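J.: Got a predicted structure plus its sequence, pasted below:
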Amino acid sequence: AGNLSLGFTSVAQSGTGLADASLTGATVAVTGAAYDFAQPGYSTAALAFGNLRVGATPAAKSVTFTNAAVTDAAYQDSLDVTGAVTAAALSVANPANILAGAAGNVTVTASTATAGSLADTLALTLRSNANGVAGLSNVTLAAGAVTLTGFAYDQAAATLASGSVAFGNVRTGATRSLAVTN
């Protein structure tokens, strides 16, 4: 914002013998502001849940996102982060709007209700949010991804084919079979 002073000159056409003439200048009021886009960064490209037992309560895993302040945070878009997974055993909690110079977490939680893979890709959508500033619109930034790994395993479930083993009268060292299944 400020004023712009303009000067004008009437330039004489070559060969006419006329001289250039100064014209009356003008002052124009300039208003507005320049805003920086959100500047995303994140802490990791992979999260590992490890190997877990069915029914265990795994710790939630988080990716920290930052919106680095470029110049004046008052004139920088905030950052919207949306993470999505396809595996039914995983759920995602996304951060609220991340202001310039601040951070927020995308948290992934695994369910170990059933055995199976916890591997997936956390697909990230990043958006520079103009927060309703007149004349500006939200802009989608480069997407990102975080690799998720882990597995939920069932415990063995031993089943005996019979509740007893009949040896009868035998000699020392005799053996009998007992069937055990999993």
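T.: Noted; the coordinates are in hand.
J.: Which other helices and strands does whatever helix or strand residue 26 lives in contact?
T.: In this assignment (DSSP states H and E), residue 26 forms part of strand 21-30. In terms of contacts (3 or more CB pairs under 8 Å, 6 or more residues apart in numbering; DSSP states H and E), strand 21-30 is packed against strand 2-10. (Each C-beta comes from the backbone N, C-alpha and C, glycine too.)
J.: buried set for the strand it packs on?
T.: Judged by neighbour count (16 or more other CB atoms under 10 Å), strand 2-10 contains no buried residues.
J.: now swap in stretch 113-124 and tell me
T.: In stretch 113-124, the ones that count as buried by 16+ other CB under 10 Å are 116, 118, 120, 122, 124.
J.: Would you map the helices across the protein?
T.: Under the criterion DSSP state H, the chain carries no helices.
J.: so where is it shaky, pLDDT-wise?
T.: Flagging of the chain using pLDDT under 70 yields an empty set of residue ranges.
J.: Work out which residue lies at the spatial centre of it.
T.: residue 124 (4.3 Å; CA atoms, centre = their mean).
J.: can you count the residues close to the spatially closest residue to that one that is not a sequence neighbour?
T.: Of all residues beyond its chain neighbours, the one nearest residue 124 is residue 144 (3.9 Å), with distances taken as CB to CB, 6 or more residues apart in numbering. Around residue 144 sit 18 other residues, with neighbours defined as other CB atoms under 10 Å.
J.: repeat for residue 125
T.: Residues near residue 125, counting by other CB under 10 Å: 14.
J.: Once you drop chain neighbours, what's closest to it?
T.: For residue 125, the nearest residue in space outside its immediate sequence neighbours is residue 82; the separation is 4.3 Å by CB to CB, 6+ apart.
J.: residue contacts, that neighbour?
T.: By CB atoms under 8 Å, 6 or more residues apart in numbering, residue 82 lies in contact with 94, 124, 125, 127.
J.: now it: how far from residue 68?
T.: Note on residue 82: its distance to residue 68, by CB to CB, to the nearest Å, is 19 Å.
J.: so what's the nearest residue to residue 147 once chain neighbours are set aside up against?
T.: Computed as CB to CB, 6+ apart, the closest residue to residue 147 that is not its neighbour in sequence is residue 46, at 4.4 Å. Contacts were defined as CB under 8 Å, 6+ apart; by that measure residue 46 touches 146, 147, 148, 149.
J.: number of nearby residues for the nearest residue to residue 57 once chain neighbours are set aside?
T.: In space, and not counting its chain neighbours, residue 57 is closest to residue 112: 7.5 Å by CB to CB, 6+ apart. The local packing of residue 112 (other CB under 10 Å) involves 20 other residues.
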